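**Q** Build the 3D model from these lines:
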Amino acid sequence: MSEEIKSKNVESKETEEKVESSPWYYFYSVGCGFCKKVDPIVDELISEGHDILKLDISNSENKKISDALKNEYKTQCGTPWFINTETGKSVCGFKEKNILLKWLAGEDIPTPPRPKGPIPKPPLHGASKKEENSWKKQYKKWLEENSHLPKTQTADEILARPRPKSEPPKPPIPNSTDEQFDEWVKVYDKWRDENSHLPNLQPGNIIVQRFKARTNMQQPSNSFTNNQDVRLQRLEQKMDKIIKHLGIN
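**A** So this is what the prediction gives:
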């Protein structure tokens, strides 16, 4: 047996032993921004004696463990995800150290407050005073209905943020041809030039490259299934998130 195979077998055995001995699981994924943010906190907790098992879900075996635990505890979460298998209590998303300590102790984690309805969409850059005043009334009503939320912004603070002059072009559909993608890039780049005051706007070809990469990752081996419409809708939602992430609100 080669040294490399021996090393892998030892690593696999050590992982199995940790899985059996530790009730605390931390599932993360490479490229996850919130995982990178919480990693130092997890490492600090481990250095303090908490035997947290860190599992990268890009590993197929770790993904199976994650899926099995989510099914067992009827929980849905992406990454980062923390689960205590002794108490069944879990934490979804980034949390500060004080919250993770509560999780480690098996305490109930308070559910973060949720908004009652979506925030009224701010008017476009260059909108008339009438439109801005109309939005302010809607936003004021939303604030009153959501007084339980912490760290809300005032209407003037929101209006002071960079806003697009017009709505961005709708994202291309996943099965677009190269010609259709090229046409979308032209339309998007024109919109981007007209909205150069917005931060973090990347060229259309970069967005399309990322979009295609995400599409390929989501595409199953048999592309023609009964779930094709569902996948299409999810991919369109992902494209919307990419555009929002680039600074378009």
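
**Q** Going by C-alpha atoms from here, please, whenever you check contacts or count neighbours.
**A** Noted.

**Q** Give me the nearest residue to Arg192, chain neighbours excluded.
**A** Nearest non-adjacent residue to Arg192, counting by CA to CA, 6 or more residues apart in numbering: Leu201, 6.9 Å away.

**Q** and the one you found, how many neighbours?
**A** Neighbours of Leu201 under the rule other CA atoms under 10 Å: 19.

**Q** What's the separation between it and Glu179?
**A** Distance of Leu201 to Glu179, given as CA to CA, to the nearest Å: 22 Å.

**Q** One more: Gln76?
**A** 38 Å.

**Q** cool, His50 as well?
**A** 54 Å.

**Q** For those two, indicate the residue with more neighbours.
**A** Using other CA under 10 Å as the criterion, His50 and Glu179 rank with His50 on top: 15 against 9.

**Q** in this structure, what spans have low per-residue confidence?
**A** 1-21, 217-249 (pLDDT under 70).

**Q** In space, what's closest to Pro113 - neighbours in sequence excluded?
**A** Nearest residue to Pro113 in three dimensions, chain neighbours excluded: Leu149, at 6.1 Å (CA to CA, 6+ apart).

**Q** residues near that neighbour, how many?
**A** Neighbours of Leu149 using other CA under 10 Å come to 13.

**Q** How about the contacts made by Leu104?
**A** Going by CA atoms under 8 Å, 6 or more residues apart in numbering, Leu104 touches Trp24, Asn84.

**Q** ok so, going back, I figured the residue nearest to Pro113 hits Arg114, correct?
**A** Yes. Under the criterion of CA atoms under 8 Å, Leu149 makes contact with Arg114 at 7.2 Å.

**Q** Could you list which residues are in contact with the spatially closest residue to Pro169 that is not a sequence neighbour?
**A** Of all residues beyond its chain neighbours, the one nearest Pro169 is Tyr188 (6.1 Å), with distances taken as CA to CA, 6+ apart. Neighbouring residues of Tyr188 by CA under 8 Å, 6+ apart: Pro168, Pro169, Gly204.

**Q** Show me what counts as buried in the host helix or strand of Tyr188.
**A** Using DSSP states H and E, Tyr188 maps to helix 178-194. Going by neighbour count (16 or more other CA atoms under 10 Å), the buried part of helix 178-194 is Phe181, Trp184, Val185, Tyr188, Asp189, Trp191, Arg192.

**Q** before we move on, what about stretch 196-209?
**A** Burial within stretch 196-209, assessed by neighbour count using 16+ other CA under 10 Å, is assigned to Leu198, Leu201, Gly204, Asn205, Ile207, Val208.

**Q** Please tell me how far the last one sits from Pro199.
**A** Translated: Val208. From Val208 to Pro199 the distance is 19 Å (CA to CA).

**Q** try the fourth one
**A** When CA to CA is the yardstick, Asn205 and Pro199 sit 17 Å from each other.

**Q** Assumed Phe82 was part of a helix.
**A** No. Phe82 sits outside any helix when classified using DSSP: H, G, I helix; E, B strand; the rest coil, being strand.

**Q** give me the beta-bridge partners of it?
**A** Note on Phe82: beta-bridge partners by DSSP bridges are Tyr26, Val91.

**Q** What are the neighbouring residues in contact with it?
**A** Trp24, Tyr25, Tyr26, Phe27, Ser90, Val91, Cys92.

**Q** Also Trp191?
**A** Residues counted as contacts of Trp191 (CA under 8 Å, 6+ apart) are Ser166, Pro168, Pro169.
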